[in-house]
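Chemist: attaching a predicted model along with its sequence, questions to come.
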Amino acid sequence: MSTVKLIRWTTAKAGAEFGCDPATLSNRIKRAGIVAGDDGMFSTRDICAAVFGDMEGEKLRNLRRDAELKEIELARLNRELIAAEKVTEVWASVFIALRQAIWNCDAPEANRRRWLAEIQDINRDEYFTTAKPIEADAS
């Protein structure tokens, strides 16, 4: 019974063999989290994963992404999720009505101007910086 000698690759050798720039290959190896062996070289499986990608990992990422998208769609259908643009649009219309009501009330003009100055448009970014995370129901 003969033993098969495994092929070990440097990035330069693998790059030449697989038609890939060695620097690009090195970057792909790093991004994939592949670590060279004790000899400072890579297995054929390592090189193939860097050159062609990790199909199983890609499938898993796609499944997770699809599941997240379904959760988002379900939350939207259950009216638990509203687009930020819609929230901004509704608040803007509320502010317009409020400003008109203040301006048309019977208070002195100085008071109305002060009240209007105190009412600022809601900056959508403030929702994200000041919002507290939604906590699960304790029930």
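Modeler: Structure received. In this text the structure is predicted, and so the values were computed from the model without any measurement.

Chemist: when you work out contacts or count neighbours from here on, use the C-alpha atoms and nothing else.
Modeler: Noted.

Chemist: in whatever helix or strand D46 lives in, which residues are buried?
Modeler: Using DSSP states H and E, D46 falls within helix 44-52. Residues of helix 44-52 classed as buried: D46, I47, A49, A50, V51 (neighbour count, 16 or more other C-alpha atoms under 10 Å).

Chemist: give me the contacts around that helix.
Modeler: With contacts defined as C-alpha atoms under 8 Å, 6 or more residues apart in numbering, helix 44-52 is touched by I7, R8, W9, A14, F18, C20, L25, R28, I29, A32, I34.

Chemist: now that helix, how far from the chain's geometric center?
Modeler: 27 Å (C-alpha atoms, centre = their mean, to the nearest Å).

Chemist: so which helix or strand of the protein has the lowest pLDDT on average?
Modeler: helix 124-130 (a mean of 71; mean pLDDT, DSSP states H and E).

Chemist: care to break this protein down by domain?
Modeler: Split into domains by automatic domain parsing, the chain comes to 8-54, 83-132.

Chemist: distance to E73 added to the ones you listed, as a markdown table?
Modeler: Shown next, in a markdown table, are the domains of the chain (distance: least, C-alpha to C-alpha, whole Å):
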| stretch | distance to E73 |
| --- | --- |
| domain 8-54 | 28 |
| domain 83-132 | 11 |
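
Chemist: worst mean pLDDT among the ones you listed?
Modeler: Looking at the domains of the chain, the lowest mean pLDDT belongs to domain 83-132 (a mean of 84).
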